[in-house]
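Engineer: From the sequence below, what's the structure:
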Amino acid sequence: LQGTSTLQHLCRGDPSSQFRVDPKLTVDELEPLPANFLEWYFLVAAPFIHENRWMFSGESDQRIFNLFRWAACTAASYSYEIGDDRYQAFVPMWDMVNHACGKENVMLNLDQDKGRFEMVATKPISEGEQLIVSYGTLPNSEILRRYAFVDDGGDANAIVEITVDDVVSVVNLTTPVHQRLNYSEMNSRVQLLFTLKLVPEAEDASKSLAGFNPYSSAYVIDRTGKAPPEMIEATRILMLPRERYSEFVSQLKRVAYIGAHRGDWGAEKLTPDIFLPEHFMKALKLIG
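Structural biologist: Reported below is the predicted structural model:
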């Protein structure tokens, strides 16, 4: 799996690492397993283990962590998200229905009014025919990560995920050594990308970087092979020479400041004297 997005999303981690949970994060805000795997461990499992250490007598921290990882992977593989995707639940019989892209003949439904789970046929089914459900239009990399198998039709939904960190690494590798940015300079540019909504998921993230890691956010390239415009613009900004980047930022601030005061379009006030636009493409048009 080396070099694939699947490896990045597997339940990996070290209980003795320097990982820290955002103190503002609550259990209700956690994404379903196995996403945010370490957050689940430190926010949910670790406090329980600490309060009930007698239940794990003789077990090392690493052994307990490995047991949690096994349990998390099992729960993620066999559970369903229900109640407006707020809960993960084991549902007897449902987990016996297999997935196959384009061959599904039943759908699973939670009727909350009647308080029951239903399996509804979506087409005529012959006696003895296998019941097949769709787990979603997922690429094989995601099917493998979630359910530990691959599907013959999964390649039709194949995508490539390129993280912001991947882009930064390539920019560093292709830039002459004497022109490479130091960590502080690169981080400043990545924060600017976040502000300009050129980082995936930035639209849904908080207005600040608190609780959101832009480096792990990924651009998606589908089977067309075309890079998203945001990724191209982000790469251009990261590759700008220092002098040109300073000119770009100065132009951007000036255009954003004028736009904000004229009321032509929305802008975010970052400091008392600096404004940055909400929509990057609009700012580029104004800059010319």
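Engineer: What helix or strand is Cys101 located in?
Structural biologist: Using DSSP states H and E, Cys101 is not contained in any helix or strand.
Engineer: Number of residues surrounding Ala158?
Structural biologist: 14 (other Cβ atoms under 10 Å). In short, each C-beta sits where N, CA and C put it, glycine included.
Engineer: Equivalent analysis for Tyr41, please.
Structural biologist: 21.
Engineer: Please report how far the nearest residue in space to it that is not next to it in sequence lies from Trp54.
Structural biologist: Counting by Cβ to Cβ, 6 or more residues apart in numbering, Phe68 is the residue found nearest to Tyr41 once chain neighbours are left out, at 5.7 Å. As for Phe68, its distance to Trp54 is 17 Å (criterion: Cβ to Cβ, to the nearest Å).
Engineer: Show the low-confidence segments of the stretch 1-150 of the chain, by residue range.
Structural biologist: Within the stretch 1-150 of the chain, the segments meeting pLDDT under 70 span 1-36, 83-86.
Engineer: Strands of that one, residue ranges please.
Structural biologist: Counting by DSSP state E, counting those that start in this stretch, the stretch 1-150 of the chain has strands at residues 80-82, 87-89, 98-99, 106-111, 116-121, 132-133.
Engineer: Format the ones you listed as TSV; extra columns: distance to Ser246 and mean neighbour count.
Structural biologist: TSV is the format used below for the strands of the stretch 1-150 of the chain (distance: least, Cβ to Cβ, whole Å; neighbours: other Cβ atoms under 10 Å):
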stretch	distance to Ser246	mean neighbour count
strand 80-82	47	15
strand 87-89	49	13
strand 98-99	52	16
strand 106-111	55	14
strand 116-121	60	11
strand 132-133	55	18
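Engineer: between the ones you listed, which one is nearest to Lys197?
Structural biologist: Between Lys197 and the strands of the stretch 1-150 of the chain, the tightest spacing by Cβ to Cβ is seen for strand 80-82, at 27.8 Å.
Engineer: contacting residues around Thr163?
Structural biologist: By Cβ atoms under 8 Å, 6 or more residues apart in numbering, Thr163 lies in contact with 8, 215-219.
Engineer: So which of those residues sits lowest on pLDDT?
Structural biologist: Lowest model confidence among those falls on Gln8, which carries 52.
Engineer: just the helices in the stretch 151-288 of the chain please.
Structural biologist: For the stretch 151-288 of the chain, the helices defined by DSSP state H, counting those that start in this stretch occupy 164-174, 183-195, 229-239, 242-262, 280-287.
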